[in-house]
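Q: when you get a sec, could you give me coordinates for this:
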Amino acid sequence: MSQHKVILLLGSNLGEQKKNIETALEKLKEGGIEILKISEFLTSEPVEFASSNIFCNIATIIFTHLSPIQLLDFVKSIEFEMGRINDSKATGGYTDRVIDIDIVKYNDLKFISERLEIPHKKHLFEREFSKVLLKNLSE
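A: Predicted coordinates for the structure are as follows:
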């Protein structure tokens, strides 16, 4: 099995945000994911929905044997296990969340399905906090 280099973005705006992100990173490792690099923590306002809860975010580079859909299923299981019930794809909108894990890039793959689009164009080109985190990873 080959290793795939993937960039994930993790965010939380409920509870102890940094602790939530650290817990999610631990769960990724427990699932056999190798974490290569983690950006600095960055706080940001919610994007595309209104909330008084500020987000804490990081970007991370990982190695995984999982396919894009297997990885999506795995990160969704972590979100669910940590208490995230409503997925934005299912509800059609964004809400506050304990943890959010997005697949931003997967090697140089271009992949589109009903559940997943790689690369994640909003994080790469539209969202300022994402661009700052991704730049931080490359330094």
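Q: and the helix or strand encompassing Thr60, what does it pack onto?
A: Taking DSSP states H and E as the criterion, Thr60 maps to strand 55-64. Here strand 55-64 touches strand 4-12, helix 17-30, strand 34-38, strand 42-44, helix 128-138, going by 3 or more C-beta pairs under 8 Å, 6 or more residues apart in numbering; DSSP states H and E. All C-beta spots, glycine's among them, are computed from the backbone N, C-alpha and C.
Q: buried residues, it. List them.
A: Across strand 55-64, burial judged by 16 or more other C-beta atoms under 10 Å covers Phe55, Cys56, Asn57, Ile58, Ala59, Thr60, Ile61, Ile62, Thr64.
Q: just name the shakiest helix or strand of the chain by mean pLDDT.
A: helix 88-91 (a mean of 53; mean pLDDT, DSSP states H and E).
Q: now, of the helices and strands packed on strand 55-64, which is deepest in the fold?
A: strand 4-12 (a mean of 23; mean count of other C-beta atoms under 10 Å).
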